[in-house]
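Novice: Fold the following.
(2 chains)
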Number of protein chains: 2
Amino acid sequence: MVGSVGNGLADLGAGAVSMNGVGKALHPAEAAAAAETLPMELEPPEALVAAAVEAEAEAKREEAANGRREIVMGRNVHTSCFAVKEPDADDEETGEREATMASVLALYRRSLVERTKHHLGYPYNLDFDYGALAQLQHFSINNLGDPFIESNYGVHSRQFEVGVLDWFARLWELEKDEYWGYITNCGTEGNLHGILVGREVFPDGILYASRESHYSVFKAARMYRMDCVKVDTLMSGEIDCADFQRKLLQNQDKPAIINVNIGTTVKGAVDDLDLVVKTLEENGFKDRFYIHCDGALFGLMIPFVKKAPQVTFKKPIGSVSVSGHKFVGCPMPCGVQITRLEHINALSSNVEYLASRDATIMGSRNGHAPIFLWYTLNRKGYRGFQKEVQKCLRNAHYLKDRLKEAGVGAMLNELSSTVVFERPKDEEFVRRWQLACEGNIAHVVVMPSVNIDKLDYFLNELVEKRATWYQDGISQPPCIARDVGVENCLCGLHK
Amino acid sequence: MVGSVGNGLADLGAGAVSMNGVGKALHPAEAAAAAETLPMELEPPEALVAAAVEAEAEAKREEAANGRREIVMGRNVHTSCFAVKEPDADDEETGEREATMASVLALYRRSLVERTKHHLGYPYNLDFDYGALAQLQHFSINNLGDPFIESNYGVHSRQFEVGVLDWFARLWELEKDEYWGYITNCGTEGNLHGILVGREVFPDGILYASRESHYSVFKAARMYRMDCVKVDTLMSGEIDCADFQRKLLQNQDKPAIINVNIGTTVKGAVDDLDLVVKTLEENGFKDRFYIHCDGALFGLMIPFVKKAPQVTFKKPIGSVSVSGHKFVGCPMPCGVQITRLEHINALSSNVEYLASRDATIMGSRNGHAPIFLWYTLNRKGYRGFQKEVQKCLRNAHYLKDRLKEAGVGAMLNELSSTVVFERPKDEEFVRRWQLACEGNIAHVVVMPSVNIDKLDYFLNELVEKRATWYQDGISQPPCIARDVGVENCLCGLHK
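Specialist: Numbers count the residues shown, from 1 in each chain, chains lettered A, B, ... in the order given. Got it, this is the predicted structure:
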């Protein structure tokens, strides 16, 4: 079998493309890159910047056939992947293979530089320097099992992980001997864990979440076979507690598990935690609810925002999760999940093979991420984060004001650095700036890596392009009153 | 709030220990390290090598109180973590903080070197050189969403991911347009995904898994609220298909979802896939079953073992998962999950925010791992892996033979490089060599990073220590006949 499989291998890059039988014209960026030819006529990474949107078209047709609203899907990567090629017998002597791989990596690195420079839409802080940690990249660091109990595998970084967890437990005001937590792979894992803890505490509980909650919350409900009730939102994107009350009263016999958003994905809206608790307690749910706070982005920013309602375990919440690669910044996705120790003892089981406890969603766990987080927390500290949060909020206001001055409808929630505005007409522009879109709106999340210069660069380009999109006087900017309110819309009707 | 939290921060290292109020005598390794004092009297990482086994003792008491078999738990990390300390106002000027952090990292690096040298128990290939990829560590690479459909976030590595997936699909004989898959965070995520797909295909299916299956399989059943039936195993650790048949016949009205082990965690046993399929088909389950193959370690080795039954999608299986940090070797845990495309279309939902599809368990996904895998697959190729597998199997035989010659009961399954043997009496020895243990047995997993020299080093130390453990003539090596069969046991009774 091995031989026959080996024979079927495609050439690196170019081969993979031909195998897919996709022919397409070169985008200018591609053409430029193609000038720098590689030994094996590699499909350059820049090709990904071009608009080969087959999958998109297919998705559109499919969506249309289903009668649903059309979602613009990204490109199909199968047309441009770097195939793995079986080494030739003499590769070790000629060194040609190593050279080719080095070329691929160098080109890829260049594309990352370009893509990093034009990134605005996702809440990732791309500004970090972990040079001091490069020395650790050669180790297979794995925190498998529980963070607090060493496993027999010695190449771990629990000392760093627990230091980081202590820091977050302190931030959210839970005592060292009363909390449990771990460093997750991403915000989704935090939500999956928090909601699972909630379900184990109240096995027949109903999950309530506003319809603007992250998609992982609804995925959790499906995975865990939980009844899930979607609650309406206000224009800001916050949960509508009047609707929440109505829905609670329809299900009075079952406990409530609530996902509270500390910064929604699209509008950066912060659910009113105090009002959620009040609604629960005043409607007969006292001691019959579990609250998970999804603080993916804003969970780490809100402690540093003056007058913001605080997320704290002094309130009756069960868990909080936050992403590590967002505001902190980290080369790989990660997150922090903190919950009450009492809940975990019910959830976990001891695993002899690990000489540890199994209370996490994943088994093996990335041991590098805790060191990245530890490093940044130590360098910046509370004061450093405070400064950065203030800078982000300032810059977000700048962006919103400049957009409105330019006649572009825009909204910025009071506690947020997420600026929502009219969706740019051209998908190529959306892709270039990596904007996240939903319906007629797009957003920019102002992170520490986004400074005024970058915003100006973006604004100038947007204004210039926009002039060409709407120059014929026939096509009009979309109305976004339904998304952000009449007062924030600057369409033909509302301006 | 910020100020008050900041004031409560403990000093780095030493402070954290004193906060926990744990005083303990220095282990020789610690004493040596302590000579190299740090500016802040840091608790050295070597301290972790010492036996401060508080948590262990507590776990023992708890287990005993429950009347269950005692599990030896690892140490409580809270006693030795590196606390995060708020920077002093003048830190930037003095540079003291940077110096301290550099010292912590240098010491930690030393401990990783030592721990990597003495690692034998977990199936991780610690032998890799990814120096060429260090240039990418500065980027926040995230493959959020589907591997085949680009999201709007441009700093990704899907070109590499899909290349790797194609390689695995080819290895397991599934056509490019018939498979779907992704690079996971670990073996557990692969199992969680495979079993979830099975459940979505057969919502009322019962999950069957041998009792020697990985603990993540039973975690999945609990998470997904599936009925789960544990099937007995043979002495080798393989699933007992006679018992499987009995249990199938007790549940004829419900479809079957089966976890098939391609290498069990403890004994490295390979379930007989063909016999499992035959048992299903002959007992009325034709077209009413879904098989997930958990190939965490051996899924990548078995294609290169002569005469081994092959894992292939030409057989009626639904999904295969394998770990990337095991046989391949990778600085962080990762894995590969391959399934049939037809199943995924039912599972997934489109997420506009991502401009992509949501069919993975996690949301944000580590974009570095695919590049590590791509790099190794390209460098080694099928031929390289084949050589390494043969070397591992040879070395495993060497270890088993030498153990038996030394009077130590041991077993090695025919298709495996996992050598099971009598559990060393001394927990300190177990920890030093990072052996995974269960009941009276321990194991060494012979990986490419484990050569004859390392095995000799281990064997000599074991034989020497063992002479002291049993020199009084009163204590005896444990009987492991129940675990590995009378023929492999060399206890007082069976030798």
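Novice: Am I right that A:E150 is in contact with B:R75?
Specialist: Yes - the pair A:E150 and B:R75 qualifies as a contact (CB atoms under 8 Å) at a distance of 4.7 Å. For glycine as for every other residue, the C-beta is placed from the backbone atoms N, C-alpha and C.
Novice: if you count what's nearby, which of the two comes out ahead?
Specialist: A:E150 (27 against 21; other CB atoms under 10 Å in any protein chain shown).
Novice: Using the three-state scheme, assign A:H292.
Specialist: Assigned with DSSP: H, G, I helix; E, B strand; the rest coil, A:H292 falls in the strand class.
Novice: Determine the number of other residues adjacent to the closest residue to it other than its chain neighbours.
Specialist: Nearest residue to A:H292 in three dimensions, chain neighbours excluded: A:G194, at 3.4 Å (CB to CB, 6 or more residues apart in numbering or on different chains). Residues lying near A:G194 (other CB under 10 Å) number 28.
Novice: before we move on, what about the one 3 residues further on?
Specialist: When neighbours are counted by other CB under 10 Å, A:V197 registers 24.
Novice: wait, what's in contact with it?
Specialist: Neighbouring residues of A:V197 by CB atoms under 8 Å, 6 or more residues apart in numbering or on different chains: A:Y290, A:H292, A:G318, A:S319, A:T339, A:H343, A:I344, A:L347.
Novice: which stretch of helix or strand covers it?
Specialist: If you go by DSSP states H and E, A:V197 is part of helix A:187-201.
Novice: what's the answer for A:L165, then?
Specialist: Assigned by DSSP H and E, A:L165 belongs to helix A:158-171.
Novice: Check A:K465 too.
Specialist: helix A:452-469.
Novice: That helix - contacts with which helices or strands?
Specialist: helix A:368-405, helix A:427-432 (3 or more CB pairs under 8 Å, 6 or more residues apart in numbering or on different chains; DSSP states H and E).
Novice: Quick check: buried residues in stretch A:100-117?
Specialist: If you call a residue buried by 16 or more other CB atoms under 10 Å in any protein chain shown, then stretch A:100-117 has these buried ones: A:100-101, A:103-105, A:107-109, A:111-112, A:114-116.
Novice: where along the stretch 251-400 of chain A do the helices fall?
Specialist: A:273-282, A:341-347, A:368-405 (DSSP state H, counting those that start in this stretch).
Novice: For the second one, name the packing helices and strands.
Specialist: Applying 3+ CB pairs under 8 Å, 6+ apart, one finds that helix A:341-347 contacts strand A:179-184, helix A:187-201.
Novice: The helix or strand just after the longest one - which strands sit beside it in the sheet, and in what orientation?
Specialist: This points to helix A:187-201. Note on helix A:187-201: by DSSP H and E, the next helix or strand toward the C-terminus is strand A:206-210. In the sheet, strand A:206-210 lines up against strand A:228-231 (parallel), strand A:256-261 (parallel) (DSSP bridges).
Novice: so how far is strand A:206-210 off the chain centroid?
Specialist: Counting by CA atoms, centre = their mean, to the nearest Å, strand A:206-210 is centred 21 Å from the centre of its parent chain.
Novice: same question, stretch A:117-135
Specialist: Here stretch A:117-135 shows a centroid-to-chain-centroid distance of 14 Å under the convention CA atoms, centre = their mean.
Novice: and if you look at stretch A:443-461?
Specialist: 18 Å.
Novice: Just the CA trace of that stretch, in CSV.
Specialist: Only the C-alpha atoms of stretch A:443-461 are listed here, as CSV (Å, rounded to 0.1, in the frame of the first residue of the first chain):
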residue,chain,number,x,y,z
HIS,A,443,-16.9,46.0,12.1
VAL,A,444,-13.4,47.1,13.1
VAL,A,445,-12.2,45.9,16.5
VAL,A,446,-9.7,48.4,17.7
MET,A,447,-6.9,46.4,19.4
PRO,A,448,-3.6,47.7,20.9
SER,A,449,-2.0,46.9,17.5
VAL,A,450,-4.3,49.3,15.7
ASN,A,451,-3.0,52.8,15.9
ILE,A,452,-4.2,56.1,14.5
ASP,A,453,-1.9,55.8,11.4
LYS,A,454,-3.4,52.4,10.5
LEU,A,455,-6.9,53.8,11.0
ASP,A,456,-6.1,56.8,8.8
TYR,A,457,-4.7,54.5,6.1
PHE,A,458,-7.9,52.5,6.3
LEU,A,459,-10.2,55.5,6.4
ASN,A,460,-8.6,57.2,3.4
GLU,A,461,-8.8,54.1,1.4
